[in-house]
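Trainee: Just the structure for this:
(one chain, ligands or ions: 1)
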Amino acid sequence: MTKDCVLVINCGSSSLKFSLIMPQSGQTILTGLAERLLSSEASITIKLDGNKETTALVEPYDHQTALSQLVSFLYQHKCEQRLLAIGHRVVHGGEQYSKPELISDVVERTIEALAALAPLHNPVNLVGIRASRQAFSHLPQVAVFDTAFHQTMDKVAYLYGLPFELYSQHSIRRYGFHGTSHYFVAKRFAELTDSPVDDINVITAHLGNGCSVAAIAGGKCVDTSMGLTPLEGLVMGTRSGSLDPGIIFHLYKQLGYSIEQIDNLLNKESGLLGISQLSNDCRTLEQAIAEQGNEQADLAMDIFCYQISKTIASYSASLSNLDGIVFTGGIGENSSLVRQRVVNRLKLLGFAIDDSANTDTRFGKCGNIAKSSHRDCWVIPTNEEWVIAEQTYQLISEDN
Ligand code: AMP
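Mentor: Numbering: from 1, shown residues only. Next up is the predicted model:
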(Lines give C-alpha, C1' and ligand atoms only; values in the text may rest on other atoms or scores of the structure.)
Protein backbone atom coordinates (compact mmCIF):
# COMPACT_ATOMS: atom_id res chain seq x y z
CA MET A 1 0.00 0.00 0.00
CA THR A 2 1.26 3.54 -0.81
CA LYS A 3 2.44 5.67 2.06
CA ASP A 4 0.44 8.83 1.40
CA CYS A 5 -0.95 10.15 4.71
CA VAL A 6 0.11 12.23 7.69
CA LEU A 7 -1.57 11.74 11.05
CA VAL A 8 -2.18 15.17 12.61
CA ILE A 9 -2.44 15.34 16.39
CA ASN A 10 -3.76 18.26 18.44
CA CYS A 11 -3.52 17.50 22.12
CA GLY A 12 -5.48 19.39 24.80
CA SER A 13 -5.50 18.85 28.55
CA SER A 14 -8.41 16.41 28.46
CA SER A 15 -8.76 15.82 24.75
CA LEU A 16 -6.89 14.55 21.73
CA LYS A 17 -8.03 15.56 18.27
CA PHE A 18 -6.62 13.71 15.30
CA SER A 19 -7.00 13.40 11.55
CA LEU A 20 -5.43 11.39 8.80
CA ILE A 21 -4.75 13.67 5.86
CA MET A 22 -3.25 13.32 2.38
CA PRO A 23 -0.82 16.25 2.55
CA GLN A 24 -0.72 17.15 -1.11
CA SER A 25 -4.46 17.28 -1.78
CA GLY A 26 -5.65 18.03 1.75
CA GLN A 27 -8.10 15.11 1.49
CA THR A 28 -9.11 13.91 4.95
CA ILE A 29 -9.32 10.12 5.29
CA LEU A 30 -10.19 9.83 8.96
CA THR A 31 -10.98 12.22 11.82
CA GLY A 32 -11.56 11.71 15.48
CA LEU A 33 -11.59 12.98 19.00
CA ALA A 34 -10.75 11.43 22.34
CA GLU A 35 -12.46 13.44 25.06
CA ARG A 36 -12.97 13.59 28.82
CA LEU A 37 -9.52 12.03 29.14
CA LEU A 38 -8.26 11.34 32.68
CA SER A 39 -11.83 10.65 33.81
CA SER A 40 -13.77 7.38 33.86
CA GLU A 41 -16.06 8.85 31.18
CA ALA A 42 -13.20 9.01 28.66
CA SER A 43 -14.17 7.96 25.15
CA ILE A 44 -12.83 8.02 21.64
CA THR A 45 -14.82 8.73 18.48
CA ILE A 46 -13.37 7.86 15.09
CA LYS A 47 -14.98 8.74 11.77
CA LEU A 48 -13.92 6.86 8.64
CA ASP A 49 -15.78 6.73 5.31
CA GLY A 50 -18.86 8.34 6.83
CA ASN A 51 -19.05 5.77 9.66
CA LYS A 52 -18.69 7.07 13.18
CA GLU A 53 -17.65 4.77 16.01
CA THR A 54 -17.49 5.77 19.69
CA THR A 55 -15.73 3.50 22.19
CA ALA A 56 -15.26 3.92 25.94
CA LEU A 57 -11.60 3.99 26.94
CA VAL A 58 -10.15 1.66 29.55
CA GLU A 59 -8.00 2.65 32.52
CA PRO A 60 -5.85 4.72 32.94
CA TYR A 61 -8.07 6.76 30.57
CA ASP A 62 -5.12 8.87 29.43
CA HIS A 63 -3.69 10.19 26.14
CA GLN A 64 -1.58 7.04 25.77
CA THR A 65 -4.69 4.86 26.09
CA ALA A 66 -6.45 6.94 23.44
CA LEU A 67 -3.50 6.62 21.08
CA SER A 68 -3.28 2.84 21.62
CA GLN A 69 -6.96 2.60 20.71
CA LEU A 70 -6.32 4.71 17.61
CA VAL A 71 -3.33 2.52 16.62
CA SER A 72 -5.51 -0.63 16.88
CA PHE A 73 -8.16 1.03 14.75
CA LEU A 74 -5.59 2.06 12.14
CA TYR A 75 -4.23 -1.52 11.95
CA GLN A 76 -7.72 -2.99 11.82
CA HIS A 77 -8.65 -0.78 8.87
CA LYS A 78 -5.26 -1.10 7.17
CA CYS A 79 -4.67 2.66 7.42
CA GLU A 80 -1.45 2.19 9.40
CA GLN A 81 0.42 1.17 6.25
CA ARG A 82 -0.43 4.53 4.68
CA LEU A 83 1.30 6.59 7.39
CA LEU A 84 4.27 8.72 6.34
CA ALA A 85 4.71 10.71 9.54
CA ILE A 86 2.96 12.32 12.50
CA GLY A 87 2.45 16.10 12.68
CA HIS A 88 1.83 17.73 16.06
CA ARG A 89 0.30 21.09 16.79
CA VAL A 90 2.46 22.83 19.39
CA VAL A 91 1.22 26.13 20.76
CA HIS A 92 4.45 27.92 21.74
CA GLY A 93 7.70 27.79 19.81
CA GLY A 94 9.15 30.97 21.36
CA GLU A 95 11.91 32.61 19.33
CA GLN A 96 13.54 29.22 18.85
CA TYR A 97 11.18 27.99 16.14
CA SER A 98 10.11 30.02 13.14
CA LYS A 99 9.33 26.89 11.11
CA PRO A 100 8.30 23.27 11.69
CA GLU A 101 10.84 21.04 13.39
CA LEU A 102 11.58 17.33 13.28
CA ILE A 103 11.06 16.14 16.86
CA SER A 104 14.12 14.79 18.65
CA ASP A 105 14.89 14.53 22.37
CA VAL A 106 16.48 18.00 22.17
CA VAL A 107 13.37 19.49 20.53
CA GLU A 108 11.21 17.81 23.16
CA ARG A 109 13.30 19.43 25.90
CA THR A 110 13.08 22.84 24.22
CA ILE A 111 9.28 22.58 24.00
CA GLU A 112 9.33 21.65 27.68
CA ALA A 113 11.47 24.69 28.54
CA LEU A 114 9.07 26.90 26.54
CA ALA A 115 6.26 25.76 28.86
CA ALA A 116 7.31 28.70 31.04
CA LEU A 117 5.74 30.92 28.32
CA ALA A 118 2.71 28.68 27.69
CA PRO A 119 2.02 26.74 30.91
CA LEU A 120 -1.52 25.81 29.85
CA HIS A 121 -0.58 24.49 26.42
CA ASN A 122 2.97 23.24 25.89
CA PRO A 123 2.89 20.62 28.68
CA VAL A 124 -0.24 18.99 27.21
CA ASN A 125 1.16 19.20 23.69
CA LEU A 126 4.17 17.32 25.05
CA VAL A 127 1.96 14.63 26.55
CA GLY A 128 0.65 13.99 23.02
CA ILE A 129 4.14 14.03 21.52
CA ARG A 130 5.52 11.57 24.08
CA ALA A 131 2.57 9.21 23.77
CA SER A 132 2.79 9.35 20.00
CA ARG A 133 6.56 8.81 19.91
CA GLN A 134 5.92 5.62 21.88
CA ALA A 135 2.98 4.49 19.80
CA PHE A 136 4.60 5.29 16.44
CA SER A 137 8.29 4.90 17.26
CA HIS A 138 9.10 3.91 13.66
CA LEU A 139 7.74 7.15 12.15
CA PRO A 140 9.15 10.70 11.95
CA GLN A 141 7.30 13.19 14.14
CA VAL A 142 7.15 16.89 13.38
CA ALA A 143 6.16 19.86 15.57
CA VAL A 144 4.26 22.69 13.88
CA PHE A 145 4.15 25.80 16.06
CA ASP A 146 1.22 28.21 16.41
CA THR A 147 3.65 31.07 16.95
CA ALA A 148 5.98 30.35 14.00
CA PHE A 149 4.22 32.40 11.31
CA HIS A 150 4.47 35.54 13.47
CA GLN A 151 8.23 35.29 13.90
CA THR A 152 8.75 37.69 10.97
CA MET A 153 7.46 40.62 13.09
CA ASP A 154 9.90 43.43 13.73
CA LYS A 155 10.94 44.56 17.23
CA VAL A 156 8.76 47.66 16.80
CA ALA A 157 5.72 45.37 16.66
CA TYR A 158 6.72 42.71 19.15
CA LEU A 159 8.26 44.66 22.03
CA TYR A 160 6.14 46.03 24.87
CA GLY A 161 6.75 49.35 26.61
CA LEU A 162 8.52 47.53 29.43
CA PRO A 163 12.13 47.60 30.68
CA PHE A 164 14.19 46.00 27.92
CA GLU A 165 15.73 43.35 30.20
CA LEU A 166 12.32 41.73 30.60
CA TYR A 167 12.68 40.85 26.92
CA SER A 168 16.42 40.19 26.79
CA GLN A 169 16.52 38.10 29.96
CA HIS A 170 13.01 36.72 30.30
CA SER A 171 11.74 36.59 26.68
CA ILE A 172 8.69 38.77 27.44
CA ARG A 173 7.45 40.00 24.05
CA ARG A 174 4.55 39.60 21.64
CA TYR A 175 4.56 36.14 20.01
CA GLY A 176 1.05 35.85 18.54
CA PHE A 177 -0.96 32.66 18.04
CA HIS A 178 -3.27 31.02 15.44
CA GLY A 179 -0.23 31.26 13.12
CA THR A 180 -1.11 28.19 11.05
CA SER A 181 -4.59 29.58 10.41
CA HIS A 182 -3.39 33.09 9.44
CA TYR A 183 -0.77 31.47 7.16
CA PHE A 184 -3.33 29.16 5.51
CA VAL A 185 -5.92 31.83 4.73
CA ALA A 186 -3.27 34.30 3.53
CA LYS A 187 -1.94 31.65 1.13
CA ARG A 188 -5.49 30.87 -0.05
CA PHE A 189 -6.15 34.60 -0.52
CA ALA A 190 -3.10 34.74 -2.81
CA GLU A 191 -4.37 31.75 -4.81
CA LEU A 192 -7.92 33.10 -5.03
CA THR A 193 -6.81 36.56 -6.16
CA ASP A 194 -4.23 35.13 -8.55
CA SER A 195 -1.32 36.89 -6.89
CA PRO A 196 2.10 35.57 -5.87
CA VAL A 197 2.01 35.02 -2.10
CA ASP A 198 5.03 37.34 -1.66
CA ASP A 199 3.01 40.20 -3.14
CA ILE A 200 -0.07 40.10 -0.94
CA ASN A 201 -0.89 42.74 1.67
CA VAL A 202 -3.81 41.56 3.69
CA ILE A 203 -5.37 41.62 7.15
CA THR A 204 -6.58 38.23 8.34
CA ALA A 205 -9.15 37.90 11.15
CA HIS A 206 -9.35 34.50 12.83
CA LEU A 207 -12.57 34.70 14.86
CA GLY A 208 -13.49 31.61 16.86
CA ASN A 209 -13.60 30.96 20.58
CA GLY A 210 -10.17 32.57 20.56
CA CYS A 211 -9.81 35.56 18.24
CA SER A 212 -6.83 37.26 16.63
CA VAL A 213 -6.03 39.56 13.73
CA ALA A 214 -2.79 39.61 11.74
CA ALA A 215 -1.33 42.21 9.39
CA ILE A 216 0.49 40.57 6.49
CA ALA A 217 2.80 42.54 4.18
CA GLY A 218 4.43 40.85 1.19
CA GLY A 219 3.10 37.52 2.48
CA LYS A 220 4.83 37.92 5.86
CA CYS A 221 3.29 38.70 9.23
CA VAL A 222 4.19 42.21 10.44
CA ASP A 223 1.84 42.47 13.41
CA THR A 224 -0.78 40.48 15.28
CA SER A 225 -3.16 41.11 18.14
CA MET A 226 -2.36 38.27 20.55
CA GLY A 227 0.73 38.77 22.68
CA LEU A 228 2.93 36.89 25.10
CA THR A 229 -0.21 34.86 25.77
CA PRO A 230 -3.47 34.35 23.87
CA LEU A 231 -5.20 36.71 26.33
CA GLU A 232 -4.16 39.94 24.62
CA GLY A 233 -5.99 41.70 21.83
CA LEU A 234 -9.59 41.22 20.80
CA VAL A 235 -12.56 40.49 23.04
CA MET A 236 -13.08 36.70 22.75
CA GLY A 237 -15.58 34.04 23.84
CA THR A 238 -14.55 34.08 27.50
CA ARG A 239 -11.30 36.12 27.42
CA SER A 240 -11.28 39.85 28.05
CA GLY A 241 -8.64 40.72 25.46
CA SER A 242 -6.62 43.90 26.02
CA LEU A 243 -7.44 46.12 28.96
CA ASP A 244 -5.86 48.75 31.18
CA PRO A 245 -3.24 46.79 33.21
CA GLY A 246 -4.24 49.04 36.13
CA ILE A 247 -7.51 47.07 36.35
CA ILE A 248 -5.52 44.09 37.61
CA PHE A 249 -4.07 46.14 40.51
CA HIS A 250 -7.51 47.55 41.23
CA LEU A 251 -9.06 44.08 41.39
CA TYR A 252 -6.25 42.87 43.63
CA LYS A 253 -5.81 45.84 45.95
CA GLN A 254 -9.28 47.39 46.15
CA LEU A 255 -11.58 44.44 45.50
CA GLY A 256 -9.58 41.69 47.20
CA TYR A 257 -9.29 39.32 44.25
CA SER A 258 -6.49 36.76 44.41
CA ILE A 259 -4.15 36.31 41.42
CA GLU A 260 -5.86 32.97 40.62
CA GLN A 261 -9.29 34.64 40.69
CA ILE A 262 -8.07 37.39 38.35
CA ASP A 263 -6.57 34.79 36.01
CA ASN A 264 -9.88 32.93 35.97
CA LEU A 265 -11.90 36.14 35.55
CA LEU A 266 -9.89 37.38 32.56
CA ASN A 267 -9.55 34.00 30.83
CA LYS A 268 -12.81 32.22 31.58
CA GLU A 269 -15.49 34.68 32.74
CA SER A 270 -15.00 37.71 30.51
CA GLY A 271 -15.40 38.43 26.79
CA LEU A 272 -18.75 37.71 25.12
CA LEU A 273 -19.80 35.62 28.11
CA GLY A 274 -18.92 38.24 30.70
CA ILE A 275 -20.53 41.16 28.90
CA SER A 276 -23.67 39.36 27.69
CA GLN A 277 -24.09 37.46 30.97
CA LEU A 278 -25.63 34.84 28.74
CA SER A 279 -23.14 32.86 26.67
CA ASN A 280 -19.71 32.77 25.05
CA ASP A 281 -21.27 31.23 21.96
CA CYS A 282 -21.89 33.60 19.09
CA ARG A 283 -24.84 31.54 17.82
CA THR A 284 -26.66 31.80 21.16
CA LEU A 285 -26.10 35.56 21.27
CA GLU A 286 -27.33 36.05 17.70
CA GLN A 287 -30.43 34.03 18.50
CA ALA A 288 -31.07 36.04 21.68
CA ILE A 289 -30.78 39.30 19.70
CA ALA A 290 -33.04 38.08 16.88
CA GLU A 291 -35.71 36.39 19.00
CA GLN A 292 -35.79 38.39 22.23
CA GLY A 293 -34.11 41.66 21.33
CA ASN A 294 -31.67 40.86 24.17
CA GLU A 295 -29.88 44.18 24.78
CA GLN A 296 -27.00 42.75 26.77
CA ALA A 297 -26.23 40.23 24.01
CA ASP A 298 -26.44 43.03 21.46
CA LEU A 299 -24.01 45.14 23.50
CA ALA A 300 -21.56 42.21 23.81
CA MET A 301 -21.62 41.70 20.03
CA ASP A 302 -21.17 45.42 19.41
CA ILE A 303 -18.13 45.64 21.70
CA PHE A 304 -16.72 42.45 20.12
CA CYS A 305 -17.11 43.85 16.58
CA TYR A 306 -15.88 47.35 17.45
CA GLN A 307 -12.62 45.93 18.84
CA ILE A 308 -12.11 43.91 15.65
CA SER A 309 -12.72 46.96 13.40
CA LYS A 310 -10.49 49.14 15.56
CA THR A 311 -7.62 46.63 15.43
CA ILE A 312 -7.97 46.19 11.66
CA ALA A 313 -7.95 49.99 11.22
CA SER A 314 -4.87 50.31 13.45
CA TYR A 315 -2.92 48.18 10.98
CA SER A 316 -2.89 51.08 8.54
CA ALA A 317 0.22 51.96 10.58
CA SER A 318 1.76 48.55 9.77
CA LEU A 319 0.98 48.25 6.06
CA SER A 320 1.72 50.51 3.12
CA ASN A 321 -0.76 48.71 0.85
CA LEU A 322 -3.91 46.79 1.55
CA ASP A 323 -5.42 44.27 -0.88
CA GLY A 324 -8.21 43.16 1.42
CA ILE A 325 -9.34 41.54 4.64
CA VAL A 326 -10.09 37.87 5.26
CA PHE A 327 -12.55 36.43 7.79
CA THR A 328 -12.05 32.91 9.08
CA GLY A 329 -12.69 30.71 12.18
CA GLY A 330 -16.11 29.54 13.43
CA ILE A 331 -17.45 33.11 13.75
CA GLY A 332 -15.59 34.61 10.77
CA GLU A 333 -16.79 31.83 8.47
CA ASN A 334 -20.40 31.74 9.66
CA SER A 335 -21.60 34.95 11.26
CA SER A 336 -22.83 37.43 8.66
CA LEU A 337 -23.92 39.68 11.54
CA VAL A 338 -20.37 39.99 12.88
CA ARG A 339 -18.90 40.55 9.40
CA GLN A 340 -21.48 43.21 8.63
CA ARG A 341 -20.90 45.07 11.91
CA VAL A 342 -17.11 44.90 11.52
CA VAL A 343 -17.02 46.04 7.90
CA ASN A 344 -19.58 48.82 8.46
CA ARG A 345 -17.02 50.55 10.67
CA LEU A 346 -14.30 50.33 8.02
CA LYS A 347 -15.78 52.69 5.41
CA LEU A 348 -12.86 55.08 5.78
CA LEU A 349 -10.53 52.33 4.56
CA GLY A 350 -12.69 51.73 1.49
CA PHE A 351 -14.57 48.64 2.66
CA ALA A 352 -18.26 47.94 2.06
CA ILE A 353 -20.11 44.66 2.16
CA ASP A 354 -22.52 43.13 -0.36
CA ASP A 355 -25.44 42.04 1.84
CA SER A 356 -26.58 39.08 -0.20
CA ALA A 357 -23.04 37.75 -0.72
CA ASN A 358 -22.50 38.15 3.03
CA THR A 359 -25.63 36.15 3.87
CA ASP A 360 -24.85 33.46 1.29
CA THR A 361 -21.19 32.93 2.19
CA ARG A 362 -21.45 30.74 5.27
CA PHE A 363 -21.12 27.11 6.39
CA GLY A 364 -17.86 26.30 4.61
CA LYS A 365 -18.40 28.47 1.53
CA CYS A 366 -15.58 30.66 0.34
CA GLY A 367 -15.98 34.00 -1.45
CA ASN A 368 -15.46 37.72 -1.76
CA ILE A 369 -18.33 39.47 0.04
CA ALA A 370 -17.26 43.03 -0.87
CA LYS A 371 -19.57 45.43 -2.69
CA SER A 372 -18.31 45.93 -6.25
CA SER A 373 -15.63 48.60 -6.70
CA HIS A 374 -14.67 48.31 -3.02
CA ARG A 375 -11.69 46.65 -1.42
CA ASP A 376 -11.77 42.84 -1.25
CA CYS A 377 -13.36 41.28 1.77
CA TRP A 378 -13.08 37.50 1.74
CA VAL A 379 -14.53 34.67 3.75
CA ILE A 380 -12.05 31.77 3.62
CA PRO A 381 -12.60 28.60 5.68
CA THR A 382 -9.44 27.75 7.56
CA ASN A 383 -7.79 24.32 7.62
CA GLU A 384 -5.05 24.17 10.26
CA GLU A 385 -4.87 20.37 10.07
CA TRP A 386 -4.01 20.53 6.39
CA VAL A 387 -1.21 23.04 7.06
CA ILE A 388 0.23 20.73 9.72
CA ALA A 389 0.05 17.73 7.35
CA GLU A 390 1.55 19.70 4.46
CA GLN A 391 4.40 21.18 6.49
CA THR A 392 5.15 17.80 8.07
CA TYR A 393 5.31 16.23 4.62
CA GLN A 394 7.53 19.00 3.26
CA LEU A 395 9.96 18.66 6.16
CA ILE A 396 10.30 14.89 5.95
CA SER A 397 10.66 15.10 2.15
CA GLU A 398 13.52 17.64 2.54
CA ASP A 399 15.06 15.41 5.17
CA ASN A 400 15.19 12.34 2.91
P1 AMP B 1 -14.13 27.91 16.61
O2 AMP B 1 -13.37 28.17 17.88
O3 AMP B 1 -13.36 28.35 15.38
O4 AMP B 1 -14.66 26.51 16.49
O5 AMP B 1 -15.42 28.86 16.64
C6 AMP B 1 -16.41 28.77 17.64
C7 AMP B 1 -17.34 29.96 17.53
O8 AMP B 1 -17.93 29.97 16.21
C9 AMP B 1 -18.48 29.95 18.52
O10 AMP B 1 -18.65 31.24 19.09
C11 AMP B 1 -19.68 29.61 17.66
O12 AMP B 1 -20.88 30.18 18.16
C13 AMP B 1 -19.30 30.30 16.36
N14 AMP B 1 -20.14 29.77 15.27
C15 AMP B 1 -20.13 28.52 14.75
N16 AMP B 1 -21.12 28.40 13.82
C17 AMP B 1 -21.76 29.60 13.78
C18 AMP B 1 -22.87 30.11 13.05
N19 AMP B 1 -23.54 29.36 12.19
N20 AMP B 1 -23.24 31.39 13.26
C21 AMP B 1 -22.59 32.16 14.14
N22 AMP B 1 -21.53 31.74 14.87
C23 AMP B 1 -21.13 30.49 14.70
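
Trainee: For the lengthiest helix in the chain, buried residues please.
Mentor: As assigned by DSSP state H, the longest helix anywhere in the chain is helix 295-314. Buried residues in helix 295-314, defined by neighbour count with 16 or more other CB atoms under 10 Å: 297, 300, 301, 303, 304, 305, 307, 308, 309, 311, 312. Glycine gets a C-beta too; all of them are placed from N, C-alpha and C.

Trainee: Equivalent analysis for stretch 287-296, please.
Mentor: 288, 289, 294.

Trainee: Likewise for stretch 107-125?
Mentor: 107, 108, 110, 111, 114, 115, 117, 118, 121, 122, 124, 125.

Trainee: So which bits of the stretch 201-350 of the chain are right by the ligand?
Mentor: 208, 209, 237, 281, 282, 283, 286, 329, 330, 331, 334, 335 (CB under 6 Å from any ligand atom).

Trainee: Same list, these, but as JSON lines with secondary structure, pLDDT and neighbour count please.
Mentor: Output for these, formatted as JSON lines (DSSP: H, G, I helix; E, B strand; the rest coil; pLDDT from 0 to 100; neighbours: other CB atoms under 10 Å):
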{"residue": "208", "secondary structure": "coil", "pLDDT": "96", "neighbour count": "18"}
{"residue": "209", "secondary structure": "coil", "pLDDT": "91", "neighbour count": "16"}
{"residue": "237", "secondary structure": "coil", "pLDDT": "97", "neighbour count": "22"}
{"residue": "281", "secondary structure": "coil", "pLDDT": "96", "neighbour count": "16"}
{"residue": "282", "secondary structure": "helix", "pLDDT": "97", "neighbour count": "23"}
{"residue": "283", "secondary structure": "helix", "pLDDT": "97", "neighbour count": "12"}
{"residue": "286", "secondary structure": "helix", "pLDDT": "98", "neighbour count": "20"}
{"residue": "329", "secondary structure": "helix", "pLDDT": "97", "neighbour count": "22"}
{"residue": "330", "secondary structure": "helix", "pLDDT": "97", "neighbour count": "16"}
{"residue": "331", "secondary structure": "helix", "pLDDT": "98", "neighbour count": "26"}
{"residue": "334", "secondary structure": "helix", "pLDDT": "98", "neighbour count": "22"}
{"residue": "335", "secondary structure": "coil", "pLDDT": "98", "neighbour count": "23"}
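
Trainee: Sketch out the strands for the stretch 51-200 of the chain, chain order is fine.
Mentor: Under the criterion DSSP state E, counting those that start in this stretch, the stretch 51-200 of the chain contains strands at 51-56, 83-90, 101-102, 141-145.

Trainee: now do the stretch 301-400 of the chain
Mentor: Under DSSP E, counting those that start in this stretch, the stretch 301-400 of the chain gives strands at 324-328, 367-368, 376-379.

Trainee: where does residue 31 land in three-state SS?
Mentor: Secondary structure, DSSP: H, G, I helix; E, B strand; the rest coil: residue 31 is strand.

Trainee: Which residues does the closest residue to it other than its chain neighbours form beta bridges with?
Mentor: Spatially, and ignoring its direct neighbours in sequence, residue 31 is nearest to residue 19 (4.5 Å; CB to CB, 6 or more residues apart in numbering). For residue 19, the residues forming beta bridges with it (DSSP bridges) are residue 8, residue 31.

Trainee: So residue 19 versus residue 376, what's the distance?
Mentor: Distance from residue 19 to residue 376, counting by CB to CB, to the nearest Å: 30 Å.

Trainee: Looking at these two, which one has more neighbours?
Mentor: residue 19 (22 against 17; other CB atoms under 10 Å).

Trainee: I figured the more buried one hits residue 8, correct?
Mentor: Yes: here residue 19 reaches residue 8: they are 5.1 Å apart, a contact under CB atoms under 8 Å.

Trainee: Which neighbours do these two have in common?
Mentor: By the contact definition CB atoms under 8 Å, 6 or more residues apart in numbering, residue 19 and residue 8 are jointly contacted by 385, 389.

Trainee: Grab the nearest non-local neighbour of the residue of the stretch 251-400 of the chain found nearest the ligand.
Mentor: Nearest residue of the stretch 251-400 of the chain to the ligand (CB to the nearest ligand atom) works out as residue 330 at 2.1 Å. Using CB to CB, 6+ apart and skipping residues adjacent in sequence, the residue nearest residue 330 is residue 208, 4.4 Å away.

Trainee: Can you name the residues that contact that neighbour?
Mentor: The contact partners of residue 208, by CB under 8 Å, 6+ apart, come to 237, 329, 330, 331, 332.

Trainee: do that again at 10 Å, thanks
Mentor: Residues near residue 208 by CB atoms under 10 Å, 6 or more residues apart in numbering: 178, 181, 236, 237, 282, 328, 329, 330, 331, 332, 333, 382.

Trainee: Need the per-residue pLDDT for residue 131.
Mentor: Residue 131 is assigned 89 on the pLDDT scale.

Trainee: Counting neighbours, what do you get for it?
Mentor: 20.

Trainee: now swap in residue 394 and tell me
Mentor: 14.

Trainee: what's the answer for residue 260, then?
Mentor: 8.

Trainee: quick revisit: where's the residue of the stretch 251-400 of the chain closest to the ligand relative to residue 113, distance?
Mentor: Taking CB to CB, one finds residue 330 at 32 Å from residue 113.
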